[in-house]
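J.: How does the following fold in three dimensions:
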Amino acid sequence: MGINSNRVEHFSGNPCNETTVTISTDAMPPLEVHTVCLPPHQTTLQKLRQRFSEIFFPDDPLHRFKNQTWFAKLVLGLQFFFPVFQWGPSYGLKLLRSDIISGLTIASLSIPQGISYAKLANLPPIIGLYSSFVPPLIYSVLGSSRHLAVGPVSIASLVMGTMLSEKAALGFLRLGFVIDFLSKATLVGFMAGAAIIVSLQQLKGLLGIVHFTTKMQIIPVLSSVLRQKDEWCWQTIVMGIGFLFFLLTTRHISMRKPKLFWISAAAPLASVILSTLLVTLLRSKAHGIATIGHLPKGLNPPSSNMLYFHGAYFAVAIKTGIVTGILSLTEGIAVGRTFAALKNYQVDGNKEMMAIGLMNMAGSCSSCYVTTGSFSRSAVNYNAGAQTVVSNIIMASAVLITLLFLMPLFYYTPNVILAAIIITAVIGLIDYKAAFQLWKVDKLDFLACLSSFLGVLFVSVPLGLAIAVGVSVFKVLLHVTRPNTVILGNIPGTQIYQSLGRYRDALRIPSFLILAIEAPIYFANSTYLQERILRWIRDEEEWIIANNGSTMKCVILDMTAVTAVDTSGIDSICELRKVLEKRSLQLVLANPVGSVMEKLQQSGVLEFFRLKDLYLTVGEAVADISSSWKALP
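T.: Modelled structure (predicted):
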């Protein structure tokens, strides 16, 4: 074996400038041992600027403005803030025709759903139509999705109605500050539980019950249904079951044959019209069927004068707004990106947040409640051939005509139809396939899903969310405080090192224990990692004794997945090195990333480790250290 050059122990400058070591033997081709680099020097201000830029501006929105004239920058600025300026100049009659068809189609769905969801939120039905007029107009100017149909949605309506009625629990739990921890698994369980709760709440309308519980849990709801059997109205039950069967059948047909989407899209409005005619013609015999009653005509009345920033319920309003707002943003952006992927275009998350936020701010000043992109209406919009957000304008125009001229026609619309429409809409939120997939892939995710589901059903909506968030946070803490570590072996004939437990071909390297740490090293896990590494060493020594292996001399930590380290982590590494030195074991770090190297250098640990204990890869560490042992007399 020959060593062609020497590495110099020097860290005051950039180690990459130092000479590499070339190791060659008869058994393997020459291998260069590269020096581990420090990252380029940056000031604290530069680091903060880069970090904040990656957090808040990952898409580098100002890149397009470089080297442009002032007029071009003005146009680009308008296109950035108002996407309508991007597609507007090329808009034509062909696109308009498609948008008119899709806009009228989703209007036929949004009008009955808007009225229904307002009742779900414990608001006057007219608020649902108000919320289907102003917000879609705002979104059509600011939104970046071509297919997102905005308006009231069932989940936000349920959460809003529930949280406003459960002020004490919300104030105690302060859920508005932990809602960010909702994972996909949590939302699957939450939406399934909410769908069942919403459906059970509609038993009031389906059975014609007048005195019904205000609680949302499954046991009080079912108890109330059984206690009020004397209020059940057989005419309401017959009409409800009949139209519910009709709506579910049309939904099933459209799901089986997507080209027939218009059947389920038109079914709610057709049900409203038909049931209203039936009650109008048979009102003398169907006096037991409750109807909507009077709805005022006219445009959205202003409500900015009703915005109060004080009072007993101010804190409740803020928390409810935070929770429903985040849920609305999450749902709206997710729905928009789903349909954008089908048409191979991008939805800008920042623009969507701004569009959804501003349309809700405008809505709060025009008698609306929280709105976002609806999956069901967006799916209808997509299948109807929508080309741009003009379909939202067409929908809003149809709602405008309804508000101005057609409101008296809803006087005899039975409440049971609204209940049937809500049940049909929310039943699709029960995603049992996703729950089964969670069970197969990740048991902790399934536990979060199940906790959310049962919490919503048996406790309450906000407490169910809190329980699920707690499980999700526990999972995060478990991964952070108990990161994975694996023992590595060499794949014969290569310089690749992989888990011994995962790859049967991987072989132990005599006298070496090679461990991979698969997480950042923080104060929360540094003590555990130190103890776990010592346990790996103990287990390896026992294996050596049992298999008559070579005496362990060196422990190599593969730091490839260690993306960050704090002061506690650095102290833990230093302490581990001291413990191993007392046991005549060498500690080597392989491939520490730039930020870790910088922390080690700033803390003075690099001088403590010396250059020979830092390597770019595990393969180079094994080759170089093995050669140095053979060179010893």
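
J.: Let me see the ranges of the helices in the stretch 151-300 of the chain.
T.: For the stretch 151-300 of the chain, the helices defined by DSSP state H, counting those that start in this stretch occupy 154-165, 167-173, 184-201, 203-207, 218-227, 234-256, 261-281.

J.: Out of those helices, flag the one nearest Ile430.
T.: Smallest distance to Ile430 across the helices of the stretch 151-300 of the chain (CB to CB): 4.6 Å, for helix 184-201. Heads up, the C-betas are built off the backbone N, CA and C, glycines and all.

J.: neighbours around His211, how many?
T.: 9 (other CB atoms under 10 Å).

J.: Give me the pLDDT for the nearest residue to it once chain neighbours are set aside.
T.: Spatial nearest neighbour of His211, chain neighbours left out: Gln228 (6.0 Å); criterion: CB to CB, 6 or more residues apart in numbering. Residue-level confidence at Gln228 comes out at 84, pLDDT.

J.: does Gln228 really touch Phe212, like I thought?
T.: Yes - Gln228 lies in contact with Phe212 (CB atoms under 8 Å); the separation is 6.9 Å.

J.: Now tabulate the helices of the stretch 151-300 of the chain in TSV and tack on distance to Met354 and mean neighbour count.
T.: Compiled in TSV, the helices of the stretch 151-300 of the chain are given as follows (distance: least, CB to CB, whole Å; neighbours: other CB atoms under 10 Å):
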stretch	distance to Met354	mean neighbour count
helix 154-165	18	24
helix 167-173	27	15
helix 184-201	23	24
helix 203-207	37	22
helix 218-227	39	14
helix 234-256	33	17
helix 261-281	29	19
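
J.: Would you single out the least confident of the ones you listed?
T.: Taking the mean pLDDT of those, helix 167-173 comes last: a mean of 39.

J.: ok but Val555 is inside a strand, no?
T.: Yes - using DSSP: H, G, I helix; E, B strand; the rest coil, the assignment for Val555 is a strand.

J.: residues in contact with it?
T.: Taking CB atoms under 8 Å, 6 or more residues apart in numbering as the contact definition, Val555 lies against Phe512, Leu513, Ile514, Leu515, Ile533, Ile537, Leu580, Leu585, Gln586, Leu587, Val588.

J.: closest to His147 out of the helices of the stretch 151-300 of the chain?
T.: The stretch from the helices of the stretch 151-300 of the chain with the least distance to His147 (CB to CB) is helix 261-281; that distance is 12.9 Å.

J.: helices or strands up against the closest one?
T.: helix 93-120, helix 234-256, helix 375-383, helix 415-426 (3 or more CB pairs under 8 Å, 6 or more residues apart in numbering; DSSP states H and E).

J.: Buried residues in the shortest one, which are they?
T.: What it means is helix 375-383. Neighbour counts over helix 375-383 (16 or more other CB atoms under 10 Å) mark Phe375, Ser376, Arg377, Ser378, Ala379, Val380, Asn381, Tyr382, Asn383 as buried.

J.: quick one on the thing from earlier: got the helices of the stretch 151-300 of the chain as TSV, with distance to Cys37 columns?
T.: Listed next are the helices of the stretch 151-300 of the chain as TSV, based on distance: least, CB to CB, whole Å:
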stretch	distance to Cys37
helix 154-165	50
helix 167-173	49
helix 184-201	38
helix 203-207	68
helix 218-227	61
helix 234-256	56
helix 261-281	57
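
J.: For Gly103, find the nearest of the ones you listed.
T.: Gly103 lies closest to helix 261-281 among the helices of the stretch 151-300 of the chain, at 11.9 Å (CB to CB).

J.: what's the next secondary structure element after that closest one?
T.: Following helix 261-281 in sequence order, the next helix or strand is helix 314-342 (DSSP states H and E).

J.: how far off helix 184-201 does that following helix point, in degrees?
T.: If you take axes from the mean of the first three to the mean of the last three CA atoms, to 10 degrees, helix 314-342 sits at 110 degrees to helix 184-201.

J.: Show me what helix 314-342 is packed against.
T.: Using 3+ CB pairs under 8 Å, 6+ apart, helix 314-342 is in contact with helix 154-165, helix 167-173, helix 349-364, strand 372-373, helix 375-383.

J.: Let me know which of the helices of the stretch 151-300 of the chain is the nearest to Tyr528.
T.: Tyr528 lies closest, by CB to CB, to one member of the helices of the stretch 151-300 of the chain: helix 184-201, at 25.2 Å.
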